[in-house]
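Engineer: requesting a structural model of the entry that follows:
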Amino acid sequence: MSDATLSSYRTDLKIFAGWLKEQNSGLFSVEQTHIQAYLAYRFQQQYSGRSTARLLSSLRKFYGYLCQQHRLKVDPTQQIENPKIQPPVPKSLSEKDVEILIEQPDVETPLGLRDKAMLELLYSSGLRITELISVEVNQIGFVQGVMRVIGKGDKERLVPIGEEALSSIQLYLKHGRPELATEDTNDWLFLSTRGSKMTRQTFWYRIKHYAKTAGIRTHLSPHTLRHAFATHLLNHGADLRTLQMLLGHSDLSTTQIYTYVARERLKQLHSEHHPRG
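Structural biologist: Below you'll find the predicted structure:
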């Protein structure tokens, strides 16, 4: 599992252990009734179904392991059902807003060249933020116009890179990255001011900064550009199977959420432009 998943599971277990302590119990003496009571408590506290589902995943992994190691006889999570989750509608940006956002970095500076290249690549290829910051220089095929991406579960896929993104990356490699690199710099494509690998938090902060300077009021995250990539492709005629491959989804049902976004966009266009809309 990824470091982010492990960190989330660890946090869930710590919070659950804290709640159990208040009930005069502990992680190793849990019964099904404890878990049911905790789920009821979370419902009262208005936790989302998605976070509760992740919590149950954490507990199932943990107690499954304890049973496997013969430290527990019965898995207390066995009879617990997952909450029903309504798939969230991805927040996206209009094509115009994406263009404005990408034009915000100051390309006269190394950081501006880096940020523009990152924004262009994120929107051009629909990468996850972890995939973006983990790209190495040798994963970019400039002649072929494709990139080798290592996604979730170490699954590898090839994704195309648009001309604008390729051009921005080449400018960054020529005039930006050398200014950021140090003697200890590895092969990461996108570097921090210290010459190390960029972090998720830093890039999130940079996107928020550019959204503010662009006057974009929509809540933005690195994932918003991934959603924009998918939505805009659908709006321009891409099919779901192609989109699934580009996004690196293992299940087509994950990709289908974007059809709702595209459908709502069509309704909006019809309402705005049809004489009887």
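
Engineer: show me what contacts residue 246?
Structural biologist: Applying Cβ atoms under 8 Å, 6 or more residues apart in numbering, we find residue 246 in contact with 125, 126, 159, 160, 230, 233. Every C-beta, even on glycine, is put in place using the N, C-alpha and C of the backbone.

Engineer: would you point out the most distant pair within those residues?
Structural biologist: 160 and 230 (14.1 Å; Cβ to Cβ).

Engineer: domain assignment for the protein?
Structural biologist: Under the assignment named as automatic domain parsing, the residue ranges that make up the domains of the chain are 3-68, 95-273.

Engineer: quick one: the strands in the chain?
Structural biologist: Taking DSSP state E, the strands of the chain run over residues 140-141, 146-150, 156-160.

Engineer: so what are the sheet partners of the shortest one and their directions?
Structural biologist: Translated: strand 140-141. Applying DSSP bridges to the sheet, strand 140-141 is found paired with strand 146-150 (antiparallel).

Engineer: who's in contact with the strand it pairs with?
Structural biologist: Defining contact as Cβ under 8 Å, 6+ apart, one finds that strand 146-150 is touched by 121, 125, 127, 131, 134-135, 139-141, 156-161, 248.

Engineer: tell me how far it lies from the chain's centre.
Structural biologist: Taking the mean of its C-alpha atoms, strand 146-150 sits 17 Å from the chain's own mean (Cα atoms, centre = their mean, to the nearest Å).

Engineer: what's the angle between that strand and strand 156-160?
Structural biologist: What separates the directions of strand 146-150 and strand 156-160 is an angle of 150 degrees, with axes from the mean of the first three to the mean of the last three Cα atoms, to 10 degrees.

Engineer: next, count neighbours for residue 10.
Structural biologist: For residue 10, the neighbour count with other Cβ atoms under 10 Å is 12.

Engineer: look at residue 160 and residue 230 and report which has more neighbours.
Structural biologist: More neighbours surround residue 230 than the other of residue 160 and residue 230, with 25 against 14 (other Cβ under 10 Å).

Engineer: ok, now how distant is residue 48 from residue 8?
Structural biologist: Distance check for residue 48 against residue 8: by Cβ to Cβ, to the nearest Å, it reads 14 Å.
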